[in-house]
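In: here is a sequence together with a model predicted from it:
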Amino acid sequence: MRILSLCLSIALATFAVTAHAQSNVEPIETIGEIEILDPAAEALVDSEAKIERLATGFVWSEGPVWIAKGNFLVFSDVPKNTVYKWQDGPGLSVYLKPSGYTQSASREGESGSNGLALDNQKRLILCQHGDHRVARMDAPTTAPAAKFITIAAVHQGKEFNSPNDLAIHSSGAIYFTDPPYGRIGAFKNTERPLDYQGVYRVVPGEEPQLLTKKLRAPNGIALSPDEKTLYVAQSDSSNLIYMAYKIQRDGSIDEGRVLLDVTDLGKERPGSCDGLKVDTNGNLFATGPGGVLVISPDGKHLATIRTGDKIANCGFAHDGHTLYMTSNHDLCRVRVKAKGMGF
């Protein structure tokens with residue numbers, strides 16, 4: 001969910017993707033630290049919790065989603081056009097390829113799937129950079145296949161830039177962001193069909209609805225537990241913010257407010273405002289400068305789960321207390337006290 005020196009990233013990732021086997025002989029490697037900034041964070045994260053690095057060697061890992069039927073995690077490697085599977089015991093394997101660019105010819109850039117989610121029927125929904133659409137995998141999650149049904153591909157007759165991340169409403173509506181990171185020459189308006197970067201809502205089978213085009217780089221997106229607030233991360237390095245919008249009765253949003261501005265933090269630490277998830281009490285676990293920022297519903301930065309690298313996204317799994325994180329080249333996880341939504 002960003003365009004950050006892709007060529008350099010690929011060069012750094014020439015080593016093979018590897019998984020750390022779990023055994024009594026060779027324990028999983030631990031990295032980083034938990035940084036507590038406010039006493040309120042102690043109810044949400046443990047300062048002594050260990051961050052485990054499960055697998056490494058990805059170019060830019062993204063979109064972790066837990067599949068309860070099968071008890072495994074899936075996540076994207078965007079430039080590799082691949083969704084990987086991680087499972088305790090077997091470890092790492094290829095889950096779906098191609099994942100985001102399904103044409104016969106190869107393609108440079110961030111071509112694969114980015115954000116992933118499960119709809120209300122537990123079907124896999126993908127933001128596909130290379131095909132510039134939101135799509136549903138036309139296969140069970142336990143028997144994946146590179147067959148897709150388009151949910152949203154155009155707005156007012158023009159292709160989307162490259163749908164990036166998404167959140168599923170209980171009504172079945174999908175909220176998603178559309179920056180240009182999946183386009184070749186992403187930030188040259190002449191090389192993308194839309195001259196703005198929108199946030200949208202789509203009901204499958206209907207026309208997408210533009211909610212706002214005022215953000216320069218809308219990225220991660222999530223709904224509050226009561227579904228009355230839509231959160232959107234902006235990954236513009238000159239204005240790193242998390243926005244909060246009130247959702248109206250018709251599914252549209254108001255003008256919004258800045259929940260938290262971390263532009264100054266971005267000058268000191270690696271990473272940008274990217275993917276985010278919400279716990280049952282409405283606290284945000286938002287990837288940002290330095291790691292996963294734990295943010296209260298009123299916008300206070302309470303703690304940071306620091307992986308030591310740029311970080312793209314996160315997702316809750318198991319019983320809701322395990323947080324998986326896609327941190328640049330790594331897949332990581334950490335136990336938290338908070339409970340994620342949906343578990």
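Out: All right, it came through fine.

In: drop to CA atoms for contacts and neighbour counts, all remaining ones
Out: Fine.

In: and residue 264, which of the three is it?
Out: helix (DSSP: H, G, I helix; E, B strand; the rest coil).

In: nearest residue to residue 342 in space, please, no chain neighbours.
Out: residue 320 (7.5 Å; Cα to Cα, 6 or more residues apart in numbering).

In: pretty sure that neighbour is touching residue 334, no?
Out: No: here residue 320 lies out of contact with residue 334, judged by Cα atoms under 8 Å, at a distance of 11.3 Å.

In: averaged pLDDT, stretch 102-115. What do you get?
Out: Average pLDDT, stretch 102-115: 87.

In: quick one on the thing from earlier: and the residue nearest to residue 342, how far is that from residue 278?
Out: Distance of residue 320 to residue 278, computed by Cα to Cα, to the nearest Å: 11 Å.

In: more crowded one of those two?
Out: Counted by other Cα atoms under 10 Å, residue 320 and residue 278 do not tie: residue 278 has more neighbours, with 26 against 20.

In: between residue 320 and residue 278, which contacts overlap?
Out: Common contacts of residue 320 and residue 278 (Cα atoms under 8 Å, 6 or more residues apart in numbering): 340, 341.

In: for stretch 271-291, measure first residue to last.
Out: Start-to-end span of stretch 271-291 (Cα to Cα) is 7 Å.

In: may I have the phi/psi pair for the closest residue in space to residue 329 that isn't next to it in sequence?
Out: Spatial nearest neighbour of residue 329, excluding adjacent residues (Cα to Cα, 6+ apart): residue 58 at 4.3 Å. When read as degrees, to the nearest 10, the backbone of residue 58 gives phi -80, psi 160.

In: for the one 3 residues further on, same thing?
Out: Per-residue torsions, residue 61: phi -90, psi 150 (degrees, to the nearest 10).

In: in the sheet, who's paired with it?
Out: residue 77 (DSSP bridges).

In: next one: the spatially closest residue to residue 280 that is not a sequence neighbour, what pLDDT does it get?
Out: Leaving out its chain neighbours, the residue that sits closest to residue 280 by Cα to Cα, 6+ apart is residue 341, at 5.2 Å. Here the pLDDT value assigned to residue 341 is 88.

In: how close does residue 341 get to residue 228?
Out: Applying Cα to Cα to residue 341 and residue 228 gives a distance of 15 Å.

In: got it, and residue 212?
Out: 17 Å.

In: likewise residue 76?
Out: 29 Å.

In: among the two, which residue is more densely surrounded?
Out: Counted by other Cα under 10 Å, residue 76 and residue 228 do not tie: residue 76 has more neighbours, with 29 against 14.

In: report how many residues lie close to residue 260.
Out: 18.

In: if you average the pLDDT over the helix or strand hosting it, what comes out?
Out: Residue 260 is located in strand 257-261, with elements delineated by DSSP states H and E. Averaged across strand 257-261, pLDDT comes to 98.

In: now do it: which elements does it pack against?
Out: Contacts defined by 3 or more Cα pairs under 8 Å, 6 or more residues apart in numbering; DSSP states H and E place strand 257-261 against strand 241-246.

In: what average pLDDT does the strand it packs on get?
Out: In the prediction, strand 241-246 has an average pLDDT of 98.

In: which residues of the stretch 151-300 of the chain fall in strands?
Out: 154-155, 158-159, 166-168, 174-178, 198-202, 209-212, 218-223, 229-234, 241-246, 257-261, 276-278, 284-288, 291-295 (DSSP state E, counting those that start in this stretch).
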